[in-house]
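# here are the coordinates; sequence isn't available:
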């Protein structure tokens, strides 16, 4: 079984530019989550999809972040325009069931905004 | 809201030393508790978990016991190896609320084991 795939693995962009991160979950996993770790701090929840619907987007920091999951398969997270404080590692995870059991995380995308 | 506090790192040990990484939590209801590990260049992996009070999670020589009375889930290993060098994250999922599987993480503890 293929794992959760994220790309790019690294991205360096200038402040004000746009970046799109992609996550391919494990096939058949309805639940898809985005998390972010900034500056060596705790990993913070961004949002949760169930299939193509946003179940919980309470962790999205502001309206410069837009997440989509068209067709309930892969997901994209767009940051537009990027700011310096957006730098960090963005993790995606997928699971078949609720309650945090059976999560599989991707390797993350390291975003650096300069 | 829910929160997780881990001991400050980094932690540096010699091979075969005893490891403890402290983790305490604040949560309503009856959370499930987890330890995740991130090895260099890899994604987060579930190391162990406990879903109710007094449960002990164990894997790869690591153990942690869910202590509701002290709201703690400390990670221990009797004899660490160089290959255990990684970042360790304590996390909880609160099934009692509307979190639907959302994990709340601690800040992570970097462990470095020297030969």
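Here it is on my side, so go on. Since this is a predicted model, take the numbers as computed values, not measurements. Residues are numbered from 1 along each chain as shown, chains lettered A, B, ... in the order given.
# lowest-confidence helix or strand of chain A?
Lowest on mean pLDDT, DSSP states H and E among the helices and strands of chain A sits strand A:104-105, with a mean of 89.
# got the residues of chain B near chain A?
Proximity of chain B to chain A, by Cβ under 8 Å from any Cβ of the partner chain, involves residues B:4, B:32, B:34, B:36, B:41-46, B:49, B:89, B:91, B:93, B:95, B:98-108. No exception for glycine: its C-beta is placed from N, CA and C like everyone else's.
# give me the buried entries from those.
For these, a burial check counting by 16 or more other Cβ atoms under 10 Å in any protein chain shown picks out B:4, B:32, B:34, B:36, B:43-44, B:46, B:49, B:89, B:91, B:93, B:95, B:99-108.
# state the distance from the most centrally placed residue in chain A to residue B:15.
Closest to where the C-alpha atoms of chain A average out (Cα atoms, centre = their mean) is residue A:34, at 3.5 Å. According to Cβ to Cβ, to the nearest Å, residue A:34 stands 37 Å off from residue B:15.
# repeat for residue A:45
Taken as Cβ to Cβ, the span from residue A:45 to residue B:15 is 36 Å.
# more neighbours, those two?
residue A:45 (20 against 13; other Cβ atoms under 10 Å in any protein chain shown).
# follow-up on the earlier one: list the residues that contact the residue nearest to the centre of chain A.
Neighbouring residues of residue A:34 by Cβ atoms under 8 Å, 6 or more residues apart in numbering or on different chains: A:23, A:45, A:46, A:47, A:67, A:75, A:77, A:90, A:91, A:92.
# run the last query once more with 10 Å
By Cβ atoms under 10 Å, 6 or more residues apart in numbering or on different chains, the residues touching residue A:34 are A:6, A:21, A:23, A:44-49, A:57, A:59-60, A:65, A:67, A:69, A:75-77, A:90-93.
# next one: residue A:41
Taking Cβ under 10 Å, 6+ apart, one finds A:88, B:105, B:106, B:107, B:108 in contact with residue A:41.
# I'd guessed the third one sits against residue B:92; true?
Think residue B:106. Yes: with contacts counted by Cβ atoms under 10 Å, residue B:106 reaches residue B:92, the gap being 9.0 Å.
# intersection of neighbour lists for those two?
Counting by Cβ under 10 Å, 6+ apart, the residues touching both residue B:106 and residue B:92 are B:3, B:4, B:23, B:25, B:73.
# would TSV of those residues with pLDDT be doable?
What follows is those, written out as TSV (pLDDT from 0 to 100):
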residue	pLDDT
B:3	93
B:4	95
B:23	97
B:25	96
B:73	97
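# and the residues you listed, which is closest to chain A?
Nearest to chain A among the shared contacts of residue B:106 and residue B:92 is residue B:4, at 7.3 Å by Cβ to the nearest Cβ.
# can you pull the phi/psi pair for the residue nearest to that closest one when sequence neighbours are not counted?
Using Cβ to Cβ, 6 or more residues apart in numbering or on different chains and skipping residues adjacent in sequence, the residue nearest residue B:4 is residue B:106, 3.9 Å away. Here is the backbone geometry of residue B:106 (degrees, to the nearest 10): phi -80, psi -180.
# tell me, what's the model's pLDDT at residue B:106?
Residue B:106 is assigned 94 on the pLDDT scale.
# what's opposite residue 34 in the beta bridge?
No chain in the question, so chain A it is. Under DSSP bridges, the beta-bridge partners of residue A:34 are residue A:47, residue A:92.
# the chain in question should be chain B.
Residue B:34 has these beta-bridge partners by DSSP bridges: residue B:49, residue B:91.
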